[in-house]
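Undergrad: generate coordinates for the sequence data below:
(one chain, ligands or ions: 1)
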Amino acid sequence: MSEPSQITPIPIPLRDFAIPDGYLLERRILVSGAGDGIGRAVALAAARAGAAVILLGRTLKKLEDTANAILDVPQAATPTVCHFDLLKAGLDDYWNLAKQLSDAGDGLDGLVNNASILGGKTPIEQYSPAKWMEVMHVNVNGQFMLTQTCLPLLRRSKDASIVFVSSNVGRKGRAYWGAYAASKFAVEGLMQTLADELAENTAVRVCSLNPGRTRTAMRRAAYPAEDPTTLPTTQDVAPAFIYLLGAADRALHGRALDA
Ligand code: NAP
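TA: Numbering: from 1, shown residues only. Predicted coordinates for the structure are as follows:
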């Protein structure tokens, strides 16, 4: 009997990805939570790589700052600002947003489900039910609704990519991470279920990406005593997202990845 053949893991460039000029040219990409942190860095990197970027988030001023930074990039496409609060939005707001995006362009080639909130770091026994609902609403229900309403637009692309932003605590539970951890587990479940549904007869790829510890406001809130200068920056993790938003290998469909 022959020995089972060894499977050699294929290295995925992710964080080390050297973004080629024009890598995302002619791609239209929506980034949620694009006003700050990782979402802002991904939106900027996507615009630098040639994408037309849709900036979605809850604080208009921050979205405008990201948009202005993109406008400073030579030859970048003018970004679209979508002032949209995943906590407050009703179902009709999501469908109206999708309609506006559809009316304004061809479709979507990428969706980065990045916007999330931390909630409190509290034992489950003491976790505020109101805070729990809020975290689940933004981190899970919001991502579900944005994905569902954007899917018809993504299906119009020759090769679309959906990236759900995950976390270590969405793959292994950890004390006191409460609703945030549960929400990231739910996002992994959403990603896997959708990936299975889109496995055949579709050009839409889905995966989750854990950026790892990154110097942002959320990380500061989670680890107030940590020296932020010891952490990778948002610019360090952005190339992993850009890789996945381009014409990356379909073999990554359904995978839970680490940047
Ligand atoms: P961040 O700096 O706090 O950014 C989060 C973004 O989400 C902000 O732009 C925020 O908008 C937006 N947002 C929050 N609530 C929203 C709502 N209701 N509607 C619309 N937008 C909303 O956090 P980050 O560290 O960049 O996190 C980005 C992603 O990476 C998250 O999914 C997070 O779970 C994940 N992650 C981060 C780390 C890390 O070490 N930083 C590690 C693992 C995973 P405002 O700025 O207007 O509040």
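
Undergrad: for this protein, which helix is longest?
TA: For the chain, the helix with the greatest residue count under DSSP state H is helix 178-197.

Undergrad: give me the distance from it to the chain's centre.
TA: Computed by CA atoms, centre = their mean, to the nearest Å, the separation of helix 178-197 from the middle of its chain amounts to 13 Å.

Undergrad: do stretch 106-120 as well
TA: 4 Å.

Undergrad: per-residue pLDDT, S2?
TA: According to the prediction, S2 has pLDDT 44.

Undergrad: and the one 4 residues further on, by the same measure?
TA: In the predicted model, Q6 carries a pLDDT score of 54.

Undergrad: for the residue of the stretch 1-150 of the chain found nearest the ligand, what are its contacts?
TA: At 2.2 Å from the ligand, G37 is the closest residue in the stretch 1-150 of the chain, using CB to the nearest ligand atom. C-betas here are computed from N, CA, C, even on glycine. Listed by CB atoms under 8 Å, 6 or more residues apart in numbering, the contact set of G37 reads 214, 216-218, 234.

Undergrad: how about a cut-off of 10 Å?
TA: Counting by CB atoms under 10 Å, 6 or more residues apart in numbering, G37 touches 62, 114-116, 211, 214-219, 234, 237.

Undergrad: what bridges to S161?
TA: In this structure, S161 bridges to G110, R205 when assessed by DSSP bridges.

Undergrad: hmm, it is touching L30, no?
TA: No: applying CB atoms under 10 Å as the test, S161 and L30 come out as separate, 11.2 Å apart.

Undergrad: could you name every residue contacting both of the two?
TA: Shared contacts of S161 and L30, defined by CB under 10 Å, 6+ apart, are found at 108-112, 154.

Undergrad: which of those tops the neighbour count?
TA: Highest neighbour count within these, by other CB atoms under 10 Å: G110, with 29 neighbours.

Undergrad: how about that one, what does it touch?
TA: Contact analysis of G110 by CB under 10 Å, 6+ apart lists 24, 27-31, 42, 46, 51, 53-54, 150, 154, 157, 159-163, 205, 241-242, 244-246.

Undergrad: buried ones among those residues?
TA: 24, 27-31, 42, 46, 51, 53-54, 150, 154, 157, 160-163, 205, 241-242, 244-246 (16 or more other CB atoms under 10 Å).

Undergrad: A221 versus the residue of the stretch 1-150 of the chain closest to the ligand, what's the distance?
TA: 11 Å (CB to CB, to the nearest Å).

Undergrad: please apply the same query to V138.
TA: V138 is 15 Å from A221, by CB to CB.

Undergrad: which one of these two has more residues nearby?
TA: Shown here are V138 and A221; by other CB under 10 Å, V138 has more neighbours (24 against 13).

Undergrad: can you tell me the SS state at that one?
TA: Put simply, V138 is helix when judged by DSSP: H, G, I helix; E, B strand; the rest coil.
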